[in-house]
Each structure stands twice: as structure tokens, then as C-alpha cells.
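*Asks:* Got a sequence here, can you model it:
(chains A and B)
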Amino acid sequence: MSSVVIPPIYRWSSGQKYYILYVRSVNKSYGSSTEGSRMAGFTGTASVVGVFEHPRERVHQGRRLLALEQWAELAASALRDAKIHPSEVDGLICNDIRESATFAPATIAEYLGWSVGFAERVDLGGASPVGMVGRAAAAIELGLCETVVCAAPARPRPPHPNPSRAAWTTFGASSNEWGSPQAEFEIPYGNLAQNAGYAMIAQRYAHEYGYDERVLAKIAAAQRDNAQLNPDAVFYGQQISVEDVLASKMIADPLHLLEIVMPCQGGAAVVVTTTDRARRLGRRPVRVMGYGEQLSHKTPTFARSLVDIPLREAATRAIAMAGVGHSAIDAVQLYDCYTITVLLSIEASGFCAPGEGLDFVRDHDLRWNGSFPTNTGGGQLGSGQALAAGGFTQLVEAVRQVRGEVGQRQVRNCDTVFVSGTGGIMSEQTAVVLQGE
Amino acid sequence: MAEKMTALRPVKPLPVPTPTSEPFWTALREQRVEVQYCEECGVHIFYPRSHCPGCLSSPLVWRTVSGQGRIHSFTIARAPTAPLFADEVPQLLAIIELNEGPRLTSTIVDTPLEAIAIGVSVEPVFDHRDGAVTLLRYRVSER
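*Replies:* A predicted model of the protein is given here:
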């Protein structure tokens, strides 16, 4: 194998001892992806053949459907895009559905009339969509199934007839159940939801490497520029400048309002099948060439480091598995709940060394036609975050770029795209390399 | 109707100890900070657990520490992290690294905003709530 070394994972923080290991492992992993060398893993047997994503809306204006009904609608749309009949589906991957807190896959299979040989509920927060495609490809590579639908509904349901039963937690992604470490040691101090956690990550980055708020603002502005060519984006028609970002309200220092995704409504689905079959469907197969995921904590207080994020291992593995060098990647679709997430993801994915992200972004044009095309459809910062379906925004754009069907914002000769997913507060992270055949 | 509204109004959550974590909260009530220690690994551990997250040995021993540490990171939340915490805005949330190594989440109190910085030394402030549970907050001890 290559020189890629995946350092051991340290699951908790224990002060100085641990920091030394962190520095050493960074030096080892940076720049270690070597052109042409492949590690064990995917062989390109699986391809994405169908995608569908609802236009993002601040509040859904149309008819309201149950999550199960939305699943059916999303699956039907993605299968139509793939030109595959629903009766041929033999795998499904979901996340939450409100109608069934447990046994979600069986409930969905029954509702949609499917009998599947592979089913899974993925629970990786915003990293789930990329995680779903990784799992679908793994199952197909292993021959467990042939055609998998992955979907995440994210539109409101019809009003509950008994509102008191519809009570929903105000603790977001944090668990307030008795015995949950978050319930006992985080929530009572007000450390919940996402803004404060990402803000503390950004503050720590500033302490370790320096900070330039104009560079972070540039990320938000560039993605908004990309969204101007995407009518499905919630901010279509609303360009912003670096000055606009810096003039927006400070939410949690150093994060401004316009550096934070706008929650909205939508939903998306993708279809993954064998590349053999994909070739017969008449459209360019988008092969799943490499995948990685990494997680070690729920709350960043207990992360090995606030700035050496789990995506480092996930991306290193995905890129090595794909056997491509960074220079062969034509565009990146990086999970972008906050501008700091994009900055750290560029570093963790090996496009520059740790601490060099500010210079990298300063020196590159992140727009669709720039020197480092990033979140070419606007990403979630530019198009809105469709809740649990948010991570699909990156995936769907990647597939459409490789298929050459995004019109004005098309990256020239776009063959290979790197996609990342992030859940929680840089807790669970996933990475996939997609490549057109 | 008014009664019903009161009953439904959510209250700010306080810690509810478990059998494993009880010694930590009992010590805080008595103005001491106790954290667990793994004799196999030679490391202090936070939050309280049944098994060491380094070697899964059990049980862990409790040690009294000063509770002093440094700010590892912080933020000033100018919009409440949740509606229940609107009364605490601006929330001075921080990750504290204890002198013994482990990190914990807390808030900074009794400290002017300009004194809060990564790396500064902090000391415990025992915040007795409702006479039942004591939260471990921090103040900057060096200026």
C-alpha cells in the first residue's frame, strides 16, 4: 500500500500526552495521498444513477405529507430520474421518520411495497446522506443487493390532530434523557444546539493559527454567488458581499448570522446501483470510488482537538481508496453548516496543511468557475439547510456536476468530485469520492 | 387555563445524578471538585463513567482536585442557545481544561468580558441551585 498512515484514534482528551500525538499524526497524514495508489475497498462496482432534491423553501407552501408519504414521493422521483422501476429496488437506507421512532426500515418497506435484501437506518446527523451512499456502495460491492434507495424527507407533516402529543424537544441534537452525558454535563450550562459549539471551534482555531474574518466571510459570499445560478436555492436572487457578512449580527463570537446556515424545508433521495446496470441506463455512471467515516465524540468538549477534526481520517481513507490525487479532484462539495466547517474541511481533506486554510481560501476563487470550485450549487449556506436532508445538497450537486447537467454553473470537464458530510458539532464526519465513468 | 399553562411551561434543566455520577455532585454541594482516576492508565477522567475510556477497566477511583484549570475555548453567545437560556444572554460558554488534563463544559461568571481569553487560568465557582444540585461554574483567576 501507499504511504498513507491512518493514526490510531484517541477517543477522549487527556491533556498534554494527547496533544503530542496529535501534532505527530498531522505531520504524517498531510499530503500523503499518492496518485495512482489504491488501498483496499471499493472497486467502482457501485454507481449513483438517480438523484432528486426538492427546491429549498423557508416554509413549504404546498400540500403537507407524512414522512412516510414524503419518502414515497422522494423515492419515486429519484427512481424516475434513474429510469429504474420501483419494483426493482432491493435495498433501502433511511434516517428518522416521525411516524415510527423504531423499526423505520421495515415500516418504509411495507409502505412502499418493497421486499429488500438490505436495509438500514443511519444515525449520523448531517453526515448521514454521505454515510448512506457509502453504505449503499458497500452493500452493492459485497453483492448483498443491487439497487438501493437512500432518502431523507424534510418537509413539515400535516398538523397533528392532538397538538399536546406532538410535543417536540427544544434541545435539538442534544439528548436530554436521564443518564445522557449531555443531559447531565452540557445542557444545564446552556451548551446545546450548534452555534456555540462551532463558535468555540472557530475561537480555538484563531488561537492556534490566527483568524481573518474576511476570509471566512469570503466563503459565505462565494457560495451565495454560486447560488445565483441555482433557482432551487432559497437565496436565489440574493447575492451578498464580504461586507454584508461582516455587518450581519454577531450570533456567537466570532460567528456572524450570514456565516450560519438558514434552516429550511425540502428533502432528497438518491439511487445507487451496480455500475454494470448503470451503463445500460443511458446516462454517465457516477461511480462511488472511495468512502470514509470517523467519529469519536458527541460534544466537542471531549474531542481530541477542536481543530483536528474527524474528517481528516475519513477523507484520507476515501481519497486513498479512490486512488486519486488531490490534483485530480475537479470540484469539492463540503458540508457547510458554518463557514468554519468549510475552512476546517478544506484542511482536513488535505487540500492544504493544518493552519494554512486562511491562506488557501485567500488565494483561491471558490466559485463554480474559480480555481477551487466549492459548493457549486451554493451549498447549504447559499441554498438553505433542509434539516436532516441537508447533506444531500452536496451529494446531489456532485452527481449532477459529473453528469454535466447543471447548466450555467457547470464546472468544465468535471469528472471527479470530493464530497464531505458533517454531523453534530464536527462529531461524525463522512467523505466520499465520486467519479464519472 | 392559567394553571395548565404553568404546568406546560418548560423549566431550565438541572443535572439529575446517576448512581455512578452521584459522588461528583455530592462533592460539588460540599464545595469540592472530585474527578475519577484510572490507576491502569494514570489519567484523570471527566465526565464520571463506570469504565475507563482508555482501557475499560473498572471501577475507577475518585480523587479530589483543585478544580482549577485554563480556558481551552469559549464563546459569547449573543443569541440564546435555546429559548430557556434567554435570561443568561450573553452566555459566556467555555470549555475548561482542568490542570489534571480532562476537559469539561462550563460558563464563566464574575469576570469582565475583556478578561476572558483562551489560556487564562480559572477557578471554580460553586453555584448552588435550588438547594438540590450545585453547578460547577468558573471565574478567571488571573488578570
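*Asks:* Is the residue of chain B found nearest chain A in a helix, a strand, or coil?
*Replies:* Per CB to the nearest CB, B:Gly101 is where chain B lies closest to chain A, at 2.9 Å. Where you see a C-beta, it was placed from the backbone N, CA and C, and this is true even at glycine. Of the three states, B:Gly101 takes coil according to DSSP: H, G, I helix; E, B strand; the rest coil.
*Asks:* Assess the claim that it and B:Cys41 are in contact.
*Replies:* No: between B:Gly101 and B:Cys41 there is no contact under CB atoms under 8 Å: 10.8 Å.
*Asks:* of those two, who's got more company?
*Replies:* Between B:Gly101 and B:Cys41, B:Gly101 has the larger neighbour count (other CB atoms under 10 Å in any protein chain shown), namely 19 against 16.
*Asks:* now A:Arg312, nearest residue through space, not along the chain?
*Replies:* The shortest distance from A:Arg312 to any non-neighbouring residue, by CB to CB, 6 or more residues apart in numbering or on different chains, is to A:Ala348 (4.3 Å).
*Asks:* ok, now which ones touch the one you found?
*Replies:* A:Ala348 makes contacts with A:Asp308, A:Ile309, A:Pro310, A:Leu311, A:Arg312, A:Ala315, A:Pro354, A:Gln429, as judged by CB atoms under 8 Å, 6 or more residues apart in numbering or on different chains.
*Asks:* Tell me where the model's unsure across the stretch 1-150 of chain A.
*Replies:* Scanning the stretch 1-150 of chain A for pLDDT under 70 picks out A:1-39.
*Asks:* Could I get the full set of strands for it?
*Replies:* A:46-53, A:91-94, A:118-121, A:148-154 (DSSP state E, counting those that start in this stretch).
*Asks:* How about the host helix or strand of B:Leu92, which residues are buried there?
*Replies:* Assigned by DSSP states H and E, B:Leu92 belongs to strand B:91-98. Using 16 or more other CB atoms under 10 Å in any protein chain shown as the burial criterion, the residues of strand B:91-98 that qualify are B:Gln91, B:Leu92, B:Leu93, B:Ala94, B:Ile95, B:Ile96, B:Glu97, B:Leu98.
*Asks:* filter the residues you listed down to the ones near chain A?
*Replies:* Near chain A, taking CB under 8 Å from any CB of the partner chain as the test, the members of these found are B:Gln91, B:Leu93, B:Ala94, B:Ile95, B:Glu97.
*Asks:* related to what we said a few turns ago, export the contacts of A:Ala348 as a markdown table, with columns for secondary structure.
*Replies:* Output for the contacts of A:Ala348, formatted as a markdown table (three-state DSSP):
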| residue | secondary structure |
| --- | --- |
| A:Asp308 | coil |
| A:Ile309 | coil |
| A:Pro310 | coil |
| A:Leu311 | helix |
| A:Arg312 | helix |
| A:Ala315 | helix |
| A:Pro354 | coil |
| A:Gln429 | strand |
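*Asks:* Give the rounded mean pLDDT of the helix or strand B:Ile76 falls within.
*Replies:* Element membership of B:Ile76 [criterion: DSSP H and E] is strand B:69-77. Averaged across strand B:69-77, pLDDT comes to 98.
*Asks:* Can you report phi and psi for A:Gly384?
*Replies:* phi 100, psi 150 (degrees, to the nearest 10).
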